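Visitor: Dropping a prediction and its sequence here:
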Amino acid sequence: MALMKQVDGDRKAKSAPVIKQELSLSSLSAQKVMSRSFEKLAESLFQISVILRAVGEREHVDNAEDIINEHFETASKDIDAKIDQMKQLAEQHGVSISPDYTNQVKYELEINTPHLAQFIGLVGRMDDLVSMIDSLWLHSILDNRQASNARFEWSRRMINVAGRIIGLSRKVRKEAYNSGQKELVEKVAGEEVADVDMDPELKKASETEEKEKKLKKKAA
């Protein structure tokens, strides 16, 4: 006699916690950061988490946490400083810093790691910053070159943060493979997939650390 019958859910899949959240972005710059980096970053952050937990090396877990937190904290401080600067500039000229946009985009997101939530928060604040830049440009306080350079700088900055973390994911996987735990890693995180469709700028940022190491070796 069957005492239990599963009526919903996938029998083979593991149940993992997620937070469902909506994010609205006004500026094209922030929208591009999301479309170019979010999914690959989410995948990489999840892989870092599950690989390090499976391998069980506390030192590597702590090191990865420190690296990710440092990237986010530095970007967060710099965004806050730039927002304060733009606010002061707007106050000096007596202008509003909240323009309307013709194509605000809303995203429905599933957050499966705490660090992914941090990245989403950073992108939201970057969107606020770019909105200020756009307003100052529309009021002729920033010229075309200044506004364009500022938008590009912050898009590149956020792509670089995401790329560095994606590069860290590769490093974590490689170290686990080298320690003889390839089978375990692929069981918990899946096989490594070639980055054939990755955004070129994101891919370049993900390879930065490896290139810097090679340059240091050559210099030594």
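Guide: Arrived safely.

Visitor: per-residue confidence at Glu212?
Guide: pLDDT, Glu212: 57.

Visitor: Check Asp197 too.
Guide: 81.

Visitor: ok, now Gln6?
Guide: pLDDT at Gln6 comes out at 69.

Visitor: Helix or strand next in line after the helix or strand in which Lys174 is found, which one?
Guide: Following DSSP states H and E, one finds Lys174 within helix 144-178. For helix 144-178, the following helix or strand on the C-terminal side (DSSP H and E) is helix 182-189.

Visitor: Let's see that following helix as CSV, backbone CA atoms only.
Guide: Extracted in CSV, the C-alpha atoms of helix 182-189 (Å, rounded to 0.1, in the frame of the first residue of the first chain):
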residue,chain,number,x,y,z
LYS,A,182,36.4,17.1,-10.7
GLU,A,183,33.7,14.5,-10.3
LEU,A,184,32.3,16.1,-7.1
VAL,A,185,32.4,19.5,-8.7
GLU,A,186,30.5,18.5,-11.8
LYS,A,187,28.0,16.6,-9.7
VAL,A,188,27.0,19.7,-7.7
ALA,A,189,27.7,22.5,-10.3
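
Visitor: how big is the angle separating that helix from helix 144-178?
Guide: Relative orientation of helix 182-189 versus helix 144-178 (axes from the mean of the first three to the mean of the last three Cα atoms, to 10 degrees): 130 degrees.

Visitor: Pull out the buried residues from the very next helix or strand once past helix 182-189.
Guide: Counting by DSSP H and E, the element after helix 182-189 in chain order, helix or strand, is helix 200-206. Judged by neighbour count using 16 or more other Cβ atoms under 10 Å, the buried positions of helix 200-206 are 201-203, 205-206. Quick note: C-beta positions are derived from backbone N, CA and C, even for glycine.

Visitor: Next: stretch 147-165.
Guide: Across stretch 147-165, burial judged by 16+ other Cβ under 10 Å covers 147, 150-151, 154-155, 157-165.

Visitor: Give me the pLDDT for the spatially most central residue of the chain.
Guide: Most central residue of the chain, judged by C-alpha distance to the mean C-alpha position with Cα atoms, centre = their mean, is Ala162 at 3.9 Å. Looking at Ala162, its pLDDT reads 96.

Visitor: That one contacts Glu39, doesn't it?
Guide: No - the pair Ala162 / Glu39 is not scored as a contact, 10.3 Å apart, by Cβ atoms under 8 Å.

Visitor: So Ser96 versus Ile79, what's the distance?
Guide: For Ser96, the distance to Ile79 equals 20 Å [Cβ to Cβ, to the nearest Å].

Visitor: nope, Ala16 is what I was after
Guide: Taken as Cβ to Cβ, the span from Ala16 to Ile79 is 30 Å.

Visitor: Then Ile120?
Guide: Look at Ile120 and Ile79: by Cβ to Cβ, they are 13 Å apart.

Visitor: part of a strand, is Trp21?
Guide: If you look again at residue 21, you'll see it is Gln, not Trp. Yes - looking at Gln21 with DSSP: H, G, I helix; E, B strand; the rest coil, it is inside a strand.

Visitor: Not counting its neighbours along the chain, what's nearest it?
Guide: The shortest distance from Gln21 to any non-neighbouring residue, by Cβ to Cβ, 6 or more residues apart in numbering, is to Leu109 (5.0 Å).
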